[in-house]
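Peer 1: For reference, the sequence and a predicted model appear below.
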Amino acid sequence: MEIGVCLPSSGPKISPENIVTMAQWAEKLGYHSVWVTDHVVLPEKVDSYYPYDPDNRWPYPAETNWLDPVLVLAWAGVAAPRLKLGTSILILPLRNPIILAKQLSTLDFLSGGRVILGAGVGWMREEFDLIGAPFAGRGSRAVEMVELMRALWTGETVNFQGEFWKISGCQMHPHPIQRPTIPVVWGGHSEHTLRRIARMGDGWHPTQIPLEQLAEGLKKLRKFCEEYGRDPASLLIIARPHRTYPVNAETNEWHRELGVHQVVLDPAGLGPDLSACKEEMQRMAETCGLQPRN
């Protein structure tokens, strides 16, 4: 099982130096990947239901620092050239799919084929309103965005006629280094999300759910894969517990039994500086038997 780590791309610890430092620690300790979160603009008042807090309230003020995920990964990718570069989670329907396809294919090209797109549909209506993106129908738009981006990433002539986007007689170069394409692992844990993954996803990236819910979700996902004629073993399972449960030898054994391929840690929130973060990364490297790199 592989281990990834979220970089300080939001909050008080963001700085060019801290991003580079954590990425280089991860590479030297034997980690597999680095990940970044996503928000574009933060409203001063949020009434939307937030699914990842006990009180279901968004806890971050509007002045919270939040860096662009693609640019952070480009910065970290140069500092740690052996690590995969993932988004956890990039909110697709806030963006134009053609521009996003270009950004991600460029990042994949420059990094030598290291991008993992953790994709989501978003939950904060206020952020959609500020950007001018429709909140209703965002799931359908996200699916079509991935279909269009995959068409653009082939490097062949694109003639795409969807419900939301229609383009024809064009190509996008350079295409991603990864073939057949950049993997898309979907966040979320609803039945609708799991069906979407079984139908057209490359994997599941559940974040901040208990182990019991993770186990139940994997059962449903495998059932849906059978319905759609897909091999569930072909899907990447990348769990990110955050504060939902501790990542230790016991829970990691459960991850292995469930068939989880990678666990992503969130140590950057520990302590006033990066020292506690480094200790946690070292602890996990030892717990998981990672092999240090020179």
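Peer 2: Cool, the structure landed.
Peer 1: For the longest helix anywhere in the chain, buried residues please.
Peer 2: Counting by DSSP state H, the longest helix found in the chain is helix 211-228. Neighbour-count burial for helix 211-228, counted by 16 or more other C-beta atoms under 10 Å, picks out 211, 214, 217-218, 221-222, 224-225. Using the backbone N, CA and C atoms, a C-beta is placed for each residue, glycine as well.
Peer 1: so how far is it off the chain centroid?
Peer 2: 19 Å (C-alpha atoms, centre = their mean, to the nearest Å).
Peer 1: residues making contact with that helix?
Peer 2: 189, 191, 194-195, 197-199, 204, 206, 209, 231-232, 235, 237, 239, 245, 251, 254, 258-260 (C-beta atoms under 8 Å, 6 or more residues apart in numbering).
Peer 1: Sort out which of those residues are in strands and list them.
Peer 2: Of the contacts of helix 211-228, the ones assigned to strands by DSSP state E are 204, 237, 239.
Peer 1: quick one, what contacts the first one?
Peer 2: Spelled out, it's residue 204. By C-beta under 8 Å, 6+ apart, residue 204 lies in contact with 185-186, 194, 197, 217-218, 221, 235-238.
Peer 1: Model confidence for it, exactly?
Peer 2: Residue 204 is assigned a pLDDT of 98 by the prediction.
Peer 1: do the same with the second one
Peer 2: According to the per-residue confidence, residue 237 scores 98 in pLDDT.
Peer 1: That one: neighbouring residues, count only.
Peer 2: By other C-beta atoms under 10 Å, the residues close to residue 237 number 23.
Peer 1: which residues of the chain score low on pLDDT?
Peer 2: In the predicted model of the chain, no residue satisfies pLDDT under 70.
Peer 1: All the strands of it, residue numbers only.
Peer 2: Listed in chain order, the strands of the chain (DSSP E) span 2-6, 33-36, 84-87, 90-91, 115-120, 158-161, 166-170, 184-186, 203-204, 236-239, 262-265.
Peer 1: Show me what the first one is packed against.
Peer 2: This points to strand 2-6. Identification of packing neighbours for strand 2-6 by 3 or more C-beta pairs under 8 Å, 6 or more residues apart in numbering; DSSP states H and E yields helix 16-29, strand 33-36, strand 262-265, helix 275-287.
Peer 1: For residue 159, which of those is the nearest?
Peer 2: Nearest to residue 159, of all the helices and strands packed on strand 2-6, is strand 33-36, at 33.5 Å by C-beta to C-beta.
Peer 1: partner strands of the closest one, parallel or antiparallel?
Peer 2: Strand 33-36 has the following sheet partners, assigned by DSSP bridges: strand 2-6 (parallel), strand 84-87 (parallel).
Peer 1: residues in contact with that strand?
Peer 2: Residues from elsewhere that reach strand 33-36 (C-beta under 8 Å, 6+ apart): 2, 4-7, 9, 22-23, 26, 67, 69, 72-73, 76, 80, 83-88, 116, 118, 240, 262, 264.
Peer 1: where's it relative to the chain centroid, distance-wise?
Peer 2: 8 Å.
Peer 1: returning to what we had before: of the contacts of helix 211-228, which count as buried by neighbour count?
Peer 2: 189, 194-195, 197-198, 204, 206, 209, 232, 235, 237, 239, 245, 260.
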